[in-house]
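*Asks:* with the sequence up front, the predicted model follows.
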Amino acid sequence: MCGILGFFGRGDVSHDVINGLTALQHRGQDAAGAVTFDSNRFKLKKGLGLVREVFGQLDVTDYEGFCGLGHVRYATQGALDAAEAQPFTLNYPFGIAMVHNGNVTNFNDLKSRLFSDQHRLLETSSDLELILYTLTSELEKENLSRTNPEAIFRAVQATQLAIEGAYCTITILANLGLLVFADPWGIRPLVMGRKFSDHGLVYGFASESSCFDFLGYETVRDLKAGEAVFIDSDMQLHSSICERRKESFCVFEYIYFAREDSIMNGRLVAGERVQMGRQLAKTFQESALEPDIIIDVPASAYFFASGLAEKLNVPYRRGLAKNNHVGRSFISPNQSDRENMVRQKLNPIRDIIKDKKIAVVDDSIVRGTTSKHLVRLLREKGAREVYVVSASPPIKFPCIYGIDMSIRREIIAANYNVHDIGRYIEADAIIYQKLDDLKEMYSDCSSCYACFDGCYPTGITLEAIEAIEADRLQSKR
Ligand code: AMP
């Protein structure tokens, strides 16, 4: 998963691009990059690491431009090297710069097609290169001009038909304008904003609205499934639903990925999480468990825990201290590294948990590493009983749309039933959100639940899943 943004106005937007990226940092910490355009050339800066590491020493005046894109990368597939960092730019057959968030599922097919039809070779293993070449060839077939948005939308539609998977993209078309489009199912988030600056109207697009708030942008609306928006150089906004299928927004954005202060599809992420916590109370009551306190796995599970505590009328406590300076345990390539990192990262606060029956809430259980170690740590510090609560239903299928949920072999609920998972993590009880309860929350819209029920909205073959898993394994090595 990644975070993207783009701004377009009459004055310099470089500060908004770089500062905005810091508010998307939670969506990717492997690489960061930005490009601006000033009517003459692209000014590109990207590299491995956090936004502050890549841009910390930068003299922003060298990057002034009235149009700009930014990207933070979380490598799910593809190599972890600087060449894979976004944005990507091309100067031929015309100036074009692009960022994307998502995952292309027909990567190998498209790659061979580009080679056989156009003799193009890829320089990276990034999906973006494929989207960029596909869009560029489609635009080349059209009579490109800023007064002809229909031609641009035809090129987008042809691109949407060629590319399978989930993606949102933002593109600078040099001296023509800014183009934004989403996949036909609207799986990944993208929100539009605007502000009035000293130089007039500025449009912004970003994976999450959280970056608009502190930059002073008003959030206008989310991009619709299959929609393309083109802002021409007169700042006229054109939009069209180019290729649309059944809307299938990713619910895991609400559960785990998005920042709590973001608003997606008109829903505040924090509010969604509190509600998911409240819903868990029902399942808890059916189980007749009576915890003394509810604790969360910091920092993503606070809102679930507070909703559950409120509904059960049981005190919420912060029972685990978190060391924020340890790397990500989830992506460490081997199991013993992951286990050590959990121990380094989370430490139970003895006086809070000693002699208590504890319900510990996390957003999800993937391999079971975190929960198993937490149960042990809590017992070592004197917990009387430990009930593990997952705000998401059992994750049983890999996400092929850009969220790293590991591979089927490693996903615990893909291989064991809930009872056996409880035994494996050595909990006194294990409670999962019921998929039907989660679906009930989103009954007014259609969403993607593929990681829970295996219904991939775009359709996928077993061979394609295997190819994605093989790439994922390869890139972790
Ligand atoms: P595991 O320890 O493998 O069961 O993974 C569960 C933990 O990883 C939970 O604490 C989640 O907060 C976190 N998590 C879940 N999904 C992801 C993801 N896609 N990337 C990084 N961390 C995740």
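*Replies:* Sure thing, it's come through. Please read these numbers as outputs of a predicted model, since none were measured by experiment.

*Asks:* what does the pLDDT read for the residue in the stretch 1-150 of the chain positioned nearest to the ligand?
*Replies:* Proximity of the stretch 1-150 of the chain to the ligand (C-beta to the nearest ligand atom) peaks at Met1, 6.9 Å away. (Glycine included, C-beta is placed from N, CA and C.) Here the pLDDT value assigned to Met1 is 81.

*Asks:* which residues touch it?
*Replies:* By C-beta atoms under 8 Å, 6 or more residues apart in numbering, the contact set of Met1 is 27-28, 74, 76, 101, 257, 402-404.

*Asks:* could you measure it against Phe42, distance?
*Replies:* Going from Met1 to Phe42 by C-beta to C-beta, to the nearest Å gives 25 Å.

*Asks:* buried residues in stretch 130-145, which are they?
*Replies:* 130-139 (16 or more other C-beta atoms under 10 Å).

*Asks:* where in the stretch 351-477 of the chain is pLDDT low?
*Replies:* For the stretch 351-477 of the chain, applying pLDDT under 70 flags the ranges 476-477.

*Asks:* again, 80 this time
*Replies:* Along the stretch 351-477 of the chain, segments meeting pLDDT under 80 span 405-406, 471-477.

*Asks:* now the contacts of Met1 as TSV including distance to the ligand and secondary structure?
*Replies:* Listed next are these as TSV, based on distance: C-beta to the nearest ligand atom, whole Å; DSSP: H, G, I helix; E, B strand; the rest coil:
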residue	distance to the ligand	secondary structure
Arg27	10	helix
Gly28	10	coil
Tyr74	8	coil
Thr76	8	coil
Asn101	14	strand
Phe257	7	helix
Gly402	9	coil
Ile403	5	coil
Asp404	5	coil
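
*Asks:* most neighbours, which of those residues?
*Replies:* Of the contacts of Met1, Asn101 is surrounded by the most neighbours, 30 neighbours in total, counting by other C-beta atoms under 10 Å.

*Asks:* contact partners for that one?
*Replies:* Counting by C-beta under 8 Å, 6+ apart, Asn101 has contacts 1-4, 27, 167-169, 188, 190, 207, 402.

*Asks:* farthest-separated two in the contacts of Met1?
*Replies:* Across those, no pair lies farther apart than Asn101 and Asp404, at 13.2 Å, counting by C-beta to C-beta.

*Asks:* ok, Val418 - contacts?
*Replies:* 394, 430, 432.

*Asks:* tell me where the stretch 251-400 of the chain has strands.
*Replies:* Along the stretch 251-400 of the chain, counting by DSSP state E, counting those that start in this stretch, strands occupy 263-264, 267-268, 293-296, 316-317, 320-322, 346-348, 357-362, 385-390.

*Asks:* ok, which of the ones you listed comes nearest the ligand?
*Replies:* The ligand sits nearest to strand 357-362 of all the strands of the stretch 251-400 of the chain, at 4.8 Å, using C-beta to the nearest ligand atom.

*Asks:* what is the closest one packed up against?
*Replies:* helix 269-287, strand 293-296, helix 302-312, helix 369-380, strand 385-390 (3 or more C-beta pairs under 8 Å, 6 or more residues apart in numbering; DSSP states H and E).

*Asks:* parallel or antiparallel, which strands does that strand pair with?
*Replies:* The strands beside strand 357-362 in its sheet (DSSP bridges) come out as strand 293-296 (parallel), strand 385-390 (parallel).

*Asks:* and after the host helix or strand of Asn103, which helix or strand comes next?
*Replies:* Asn103 belongs to strand 96-104 when assigned by DSSP states H and E. Once strand 96-104 ends, the next helix or strand along the chain (criterion: DSSP H and E) is helix 107-118.

*Asks:* what residues sit buried inside that next one?
*Replies:* Judged by neighbour count (16+ other C-beta under 10 Å), helix 107-118 contains these buried residues: 107, 110-111, 114.

*Asks:* and which of the contacts of Val418 is nearest Pro149?
*Replies:* Pro394 (45.1 Å).

*Asks:* neighbours of that closest one, just the number please.
*Replies:* Neighbours of Pro394 using other C-beta under 10 Å come to 23.

*Asks:* so it sits against Ile365, correct?
*Replies:* Yes. Taking contacts as C-beta atoms under 8 Å, Pro394 lies within contact range of Ile365: 7.4 Å.

*Asks:* overlap of the contact sets of these two?
*Replies:* What both Pro394 and Ile365 touch, as defined by C-beta under 8 Å, 6+ apart, is the set 413, 421, 432.
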